[in-house]
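Colleague: quick check, what structure comes out for this input:
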Amino acid sequence: MKKLNVIAVYSKDEKKILMCKRLKEPYKGKFNLVGGKLENSENEYDAAYRELNEETGITKNDIKLVHVMNFQYNLTDMELEFFAGKLNRDLNVVEEINKLYWLDSDEDFYDNDKFAGEGNIGVMIKQVELHKDKIF
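Modeller: All right, here's what the predicted structure looks like:
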(Lines give C-alpha, C1' and ligand atoms only; values in the text may rest on other atoms or scores of the structure.)
Protein backbone atom coordinates (compact mmCIF):
# COMPACT_ATOMS: atom_id res chain seq x y z
CA MET A 1 0.00 0.00 0.00
CA LYS A 2 1.30 3.44 -0.93
CA LYS A 3 1.50 5.79 2.07
CA LEU A 4 1.39 9.58 1.98
CA ASN A 5 1.25 12.21 4.66
CA VAL A 6 -0.08 15.75 5.01
CA ILE A 7 0.72 18.13 7.82
CA ALA A 8 -1.25 21.07 9.21
CA VAL A 9 1.31 23.55 10.55
CA TYR A 10 -0.28 26.20 12.75
CA SER A 11 1.44 29.49 13.51
CA LYS A 12 2.54 30.09 17.09
CA ASP A 13 -0.64 32.12 17.78
CA GLU A 14 -2.83 29.50 16.00
CA LYS A 15 -4.29 32.16 13.67
CA LYS A 16 -2.64 30.89 10.47
CA ILE A 17 -2.15 27.50 8.77
CA LEU A 18 0.66 26.83 6.33
CA MET A 19 -0.50 25.69 2.91
CA CYS A 20 1.07 25.16 -0.48
CA LYS A 21 -0.44 25.69 -3.91
CA ARG A 22 -0.32 22.55 -6.06
CA LEU A 23 1.64 22.79 -9.29
CA LYS A 24 0.36 19.55 -10.82
CA GLU A 25 -2.68 17.33 -10.97
CA PRO A 26 -4.59 16.23 -9.10
CA TYR A 27 -5.88 19.56 -7.80
CA LYS A 28 -3.46 21.74 -9.78
CA GLY A 29 -3.72 25.38 -8.65
CA LYS A 30 -5.53 24.58 -5.40
CA PHE A 31 -4.30 24.99 -1.85
CA ASN A 32 -3.15 21.86 -0.03
CA LEU A 33 -1.42 20.93 3.19
CA VAL A 34 2.30 20.22 2.95
CA GLY A 35 3.49 16.61 2.95
CA GLY A 36 4.66 13.78 0.75
CA LYS A 37 5.43 10.08 0.42
CA LEU A 38 6.74 7.70 3.04
CA GLU A 39 9.90 5.87 2.05
CA ASN A 40 10.03 2.07 2.43
CA SER A 41 11.71 1.75 5.81
CA GLU A 42 10.42 4.96 7.45
CA ASN A 43 7.99 5.10 10.33
CA GLU A 44 5.19 7.64 10.01
CA TYR A 45 6.67 10.27 12.35
CA ASP A 46 10.12 10.19 10.73
CA ALA A 47 8.47 10.60 7.31
CA ALA A 48 6.29 13.49 8.47
CA TYR A 49 9.22 15.38 9.98
CA ARG A 50 11.39 14.66 6.92
CA GLU A 51 8.76 15.87 4.45
CA LEU A 52 8.02 18.93 6.58
CA ASN A 53 11.70 19.84 6.68
CA GLU A 54 12.21 19.24 2.95
CA GLU A 55 9.20 21.33 1.93
CA THR A 56 9.38 24.15 4.49
CA GLY A 57 12.65 24.10 6.44
CA ILE A 58 10.69 23.44 9.66
CA THR A 59 12.48 20.98 11.97
CA LYS A 60 11.60 18.82 14.98
CA ASN A 61 12.94 21.64 17.16
CA ASP A 62 10.32 24.04 15.74
CA ILE A 63 7.17 21.94 16.14
CA LYS A 64 5.75 18.87 17.87
CA LEU A 65 3.60 16.85 15.47
CA VAL A 66 0.64 14.74 16.55
CA HIS A 67 -0.73 11.93 14.36
CA VAL A 68 -4.41 12.90 14.18
CA MET A 69 -6.05 10.51 11.72
CA ASN A 70 -5.68 8.41 8.55
CA PHE A 71 -7.67 8.15 5.36
CA GLN A 72 -7.57 4.78 3.61
CA TYR A 73 -8.38 4.72 -0.09
CA ASN A 74 -9.01 1.04 -0.81
CA LEU A 75 -9.70 1.42 -4.53
CA THR A 76 -6.32 3.07 -5.16
CA ASP A 77 -4.40 1.09 -2.51
CA MET A 78 -3.32 4.26 -0.72
CA GLU A 79 -3.28 5.54 2.85
CA LEU A 80 -3.04 9.22 3.78
CA GLU A 81 -1.75 10.03 7.28
CA PHE A 82 -2.66 13.40 8.78
CA PHE A 83 -0.46 15.18 11.31
CA ALA A 84 -0.87 18.56 13.00
CA GLY A 85 1.21 20.80 15.20
CA LYS A 86 1.83 24.37 16.29
CA LEU A 87 5.12 26.19 15.82
CA ASN A 88 6.86 26.96 19.09
CA ARG A 89 8.39 30.15 17.65
CA ASP A 90 8.02 32.53 14.74
CA LEU A 91 10.19 31.58 11.77
CA ASN A 92 10.58 32.05 8.06
CA VAL A 93 9.67 29.02 5.97
CA VAL A 94 11.76 27.89 3.00
CA GLU A 95 9.99 26.75 -0.17
CA GLU A 96 11.14 23.57 -1.90
CA ILE A 97 8.96 23.32 -5.02
CA ASN A 98 5.44 24.49 -4.21
CA LYS A 99 4.90 28.11 -3.15
CA LEU A 100 3.93 28.39 0.53
CA TYR A 101 1.16 30.57 1.98
CA TRP A 102 -0.05 31.33 5.50
CA LEU A 103 -3.88 31.23 5.38
CA ASP A 104 -6.24 32.31 8.13
CA SER A 105 -7.24 29.37 10.31
CA ASP A 106 -10.92 30.37 10.01
CA GLU A 107 -10.99 29.83 6.21
CA ASP A 108 -13.70 27.59 4.75
CA PHE A 109 -11.47 24.56 4.17
CA TYR A 110 -14.46 22.70 2.69
CA ASP A 111 -14.40 25.03 -0.36
CA ASN A 112 -13.65 22.62 -3.24
CA ASP A 113 -12.97 25.51 -5.63
CA LYS A 114 -10.08 26.71 -3.44
CA PHE A 115 -8.79 23.62 -1.62
CA ALA A 116 -7.65 20.17 -2.74
CA GLY A 117 -9.05 16.95 -1.35
CA GLU A 118 -12.82 17.05 -1.93
CA GLY A 119 -13.50 18.49 1.52
CA ASN A 120 -11.03 16.26 3.38
CA ILE A 121 -8.93 19.26 4.42
CA GLY A 122 -12.03 20.67 6.10
CA VAL A 123 -12.53 17.40 7.96
CA MET A 124 -8.89 17.37 9.09
CA ILE A 125 -8.89 20.98 10.31
CA LYS A 126 -12.18 20.39 12.14
CA GLN A 127 -10.56 17.47 14.00
CA VAL A 128 -7.72 19.75 15.10
CA GLU A 129 -10.24 22.34 16.34
CA LEU A 130 -12.11 19.66 18.31
CA HIS A 131 -8.95 18.29 19.92
CA LYS A 132 -6.70 21.35 20.31
CA ASP A 133 -6.04 20.54 23.96
CA LYS A 134 -4.47 17.20 22.96
CA ILE A 135 -2.64 18.47 19.87
CA PHE A 136 -1.24 21.79 21.05
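
Colleague: and the contacts of stretch 72-84?
Modeller: 1-10, 33, 38, 44, 48, 65-71, 120, 124, 127-128, 135 (CB atoms under 8 Å, 6 or more residues apart in numbering). For every residue, glycine as well, the C-beta is placed using N, CA and C.

Colleague: straight-line length of that stretch, end to end?
Modeller: With CA to CA, to the nearest Å as the measure, stretch 72-84 spans 18 Å from end to end.

Colleague: one step back: which ones among the contacts of stretch 72-84 are found in strands?
Modeller: Residues of those located in strands (DSSP state E): 2-10, 66-71.

Colleague: show me what contacts E51?
Modeller: N5, I7, V34, G35, G36, K37.

Colleague: how does it look with 7 Å?
Modeller: Residues in contact with E51 (CB atoms under 7 Å, 6 or more residues apart in numbering) are N5, G35, G36.

Colleague: can you select the buried ones from the contacts of stretch 72-84 in ChimeraX?
Modeller: ChimeraX command restricting the contacts of stretch 72-84 to the buried ones, with burial defined by 16 or more other CB atoms under 10 Å:
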select :3,4,5,6,7,8,9,10,33,38,44,48,65,66,68,120,124,127,128,135
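
Colleague: do I have it right that W102 meets K15?
Modeller: No - judged on CB atoms under 7 Å, W102 makes no contact with K15 at a distance of 8.9 Å.

Colleague: those two - which one has more neighbours?
Modeller: Taking neighbours as other CB atoms under 10 Å, W102 and K15 compare with W102 leading, 14 against 11.

Colleague: list the contacts of that one.
Modeller: Taking CB under 7 Å, 6+ apart as the criterion, W102 is in contact with S11, K16, L18.

Colleague: in the sheet, who's paired with the residue nearest to the last one when sequence neighbours are not counted?
Modeller: Distance criterion CB to CB, 6 or more residues apart in numbering; nearest residue to L18, sequence neighbours excluded, is V9 at 4.0 Å. In this entry, V9 is beta-bridged to L18, G85, by DSSP bridges.
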